[in-house]
Structures are given as C-alpha cells and as structure tokens.
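[1] sequence and computational prediction follow.
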Amino acid sequence: SLSGPVKIISVGAEFAREDPSNGLYRFAAALNVNLAVINLLPLPGLDGGAFALLMVEAIRGGKRLPGNTERLIQGTGFLLFAGVGVAIIFKDFAELLVH
C-alpha cells in the first residue's frame, strides 16, 4: 500500500518495538532500497526521469530537447509528485485519527 512519512514513522516504531536490537536497522535498510528503486523509475521529477531525458537525447543523435521543454517535463513531474505526497500525508493523518 502507498504510505507517506507519517505511516513510515509508525511502521518504523513497530519494527523497533518488535526487535529493539536490529529492527530499526532492518527497517531503514529496506526503506532505503525501496526509495532507490522508486527514484530510478523513468518518471519526470525523479532521477530516472532525468536519465530518460538523456536517453531521448542519445536517440536524437545528441540533440537536446529545448530547455523550456525539459523544464516543463521535469517541473510537471515534480508538481504531480508533490501533490500526491500531500494527499498521502493527509490520508496517513486521517488513518491515525480513525485508529
């Protein structure tokens, strides 16, 4: 399920309670791997999106997209991710209030 920082902290606390010596370390390692994989997805606004734009440039024979087009693509992706992030935070808070 999709969760934001509020839920991530809650799950991290559960891991720490269940295994005080290693739980938080295991959780942090899993979280970092997940974030790395997501960051590499070819979506605008992420590092994978920048890599995808570099691939487009390579396919075009080294010809870059116009700067305004690149900024529009990356900026739109960033705004979409920011909007989804805010929605997820509200969802997490609502779940905390219900429980």
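    Thanks, I have the structure now.
[2] contacts and neighbour counts: CA atoms only from here.
    Fine.
[3] by residue count, what's the longest helix in the chain?
    helix 67-98 (DSSP state H).
[4] quick check: which helices or strands does that helix pack against?
    Counting contacts by 3 or more Cα pairs under 8 Å, 6 or more residues apart in numbering; DSSP states H and E, helix 67-98 packs against helix 5-18, helix 47-59.
[5] with respect to Ile88, which of the ones you listed lies nearest?
    Closest to Ile88 of these, according to Cα to Cα: helix 5-18, at 8.6 Å.
[6] tell me what angle that closest one forms with helix 67-98.
    Relative orientation of helix 5-18 and helix 67-98, computed by axes from the mean of the first three to the mean of the last three Cα atoms, to 10 degrees: 50 degrees.
[7] what mean pLDDT does helix 5-18 have?
    The average pLDDT within helix 5-18 is 90.
[8] likewise for stretch 87-99?
    For stretch 87-99, the per-residue pLDDT averages 89.
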